[in-house]
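[1] Predicted structure and sequence below. I'll ask about it afterward.
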Amino acid sequence: MTRRLLALAVICSAAVINSACFEMFQQSTAPKTINLLGGTWSSATPNSESLINSCTNFQWTATEQSATTAAGNFSATCFGVMQLSGTASGTLSSSVVTWQASGLANGGGITNCAISLSGTATLEGDQIRIPFTGTTCQMPVSGTEILRKQ
């Protein structure tokens, strides 16, 4: 009887150790979800002045997210009068976010102006620095915005 109990104890101990090692291995090799891009991000200092060749007042709300990507709703003001509404997505690698946004803008007597923006942004603590270039139905745009998480 003692041998059976000892054998059972050894088998149970081996099973527990094996299970713990397997769980530790899974935890150390599985990607960890980083919520750095989630939530709502807005321009740090909204710019309401009319900029002839730029877009400002960015707002992005991530509605879909994985460990290294995020996508969601995007808005901005282009040329000081056109309100852009569309979608944006980004891919995070270290502290760099490769992103793109597109949508339609209305205002200033123009309707449904297609706008496409893209760039390589940098996470800087609680903000994202976003240099961008893009095309619109009017002319090319470029600039840099700083977004902060709301």
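    Okay, I see it.
[2] Only C-alpha atoms from now on, for both contacts and neighbour counts.
    Fine.
[3] Kindly spell out which helices and strands sit in contact with the lengthiest strand in the chain.
    Counting residues, the longest strand in the chain under DSSP state E turns out to be strand 110-124. Under the contact definition 3 or more C-alpha pairs under 8 Å, 6 or more residues apart in numbering; DSSP states H and E, strand 110-124 sits against strand 96-107, strand 127-135.
[4] Quick one: closest of those strands to residue 61.
    Nearest to residue 61 among the helices and strands packed on strand 110-124 is strand 96-107 (12.1 Å), distances taken as C-alpha to C-alpha.
[5] what about the closest residue to residue 129 other than its chain neighbours, which helix or strand?
    Once flanking residues are discounted, residue 129 sits nearest to residue 146: 4.5 Å by C-alpha to C-alpha, 6 or more residues apart in numbering. If you go by DSSP states H and E, residue 146 is part of strand 141-149.
[6] Partner strands of that strand, with direction?
    Counting by DSSP bridges, the strands paired with strand 141-149 are strand 39-43 (antiparallel), strand 127-135 (antiparallel).
[7] Name the residues that touch the last one?
    In this case it means strand 127-135. Contacts to strand 127-135, defined as C-alpha atoms under 8 Å, 6 or more residues apart in numbering, come from residues 115-123, 140-149.
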